[in-house]
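A.B. asks: need a structure here:
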Amino acid sequence: MSRILIIEDDSLTREWLESLLERNGYVVESANNGAEGVRLFRDNPADLVITDIVMPEKDGIETITDLKRTHPDLKVIAISGGERRPEGVSRNYLHSAKLLGANRAMPKPISNEDLLEAVRELLG
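C.D. replies: So this is what the prediction gives:
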């Protein structure tokens, strides 16, 4: 059974992701920010990480960089709340995440189907 680590500071988004993924048979762990997420990953590595980009303590860009440094083959989905920022800013965050090793970069809001399709593709 595949393990997924969700790193998301927005509690409603985090709970939605947890519920969706658990209902679809994944083992899920979650963190409120990048610093906590990196600690959790080091203690118990996941098969896939889904991380928000804009978060307190350690943003998603730093988080991806830290995780990829020690686990270059780790599968990562970066997400960013496009509806809360000017469109170009969100797109730049997601583009940066892809350059740093994210396998997918998805603007919020994300449909259940799109997220599950990306997860299934990355986990094989």
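A.B. asks: Which secondary structure state is assigned to the nearest residue to residue 9 once chain neighbours are set aside?
C.D. replies: Distances taken as C-beta to C-beta, 6 or more residues apart in numbering put residue 55 closest to residue 9, at 4.3 Å, once the chain neighbours are dropped. All C-beta spots, glycine's among them, are computed from the backbone N, C-alpha and C. Assigned state for residue 55: coil (three-state reduction, DSSP: H, G, I helix; E, B strand; the rest coil).
A.B. asks: again, but for residue 80
C.D. replies: Classification of residue 80 using three-state DSSP returns strand.
A.B. asks: Please apply the same query to residue 41.
C.D. replies: helix.
A.B. asks: Would you agree the residue nearest to residue 9 is in contact with residue 6?
C.D. replies: No - with contact defined as C-beta atoms under 8 Å, residue 55 and residue 6 do not form a contacting pair (11.7 Å).
A.B. asks: pLDDT below threshold where in the protein?
C.D. replies: For the chain, the stretches with pLDDT under 70 are 82-91.
A.B. asks: quick one: the strands in it?
C.D. replies: Taking DSSP state E, the strands of the chain run over residues 3-7, 27-31, 48-52, 75-81, 104-108.
A.B. asks: highest average neighbour count across those?
C.D. replies: strand 48-52 (a mean of 27; mean count of other C-beta atoms under 10 Å).
A.B. asks: nearest residue to residue 102 other than its sequence neighbours?
C.D. replies: residue 78 (4.0 Å).
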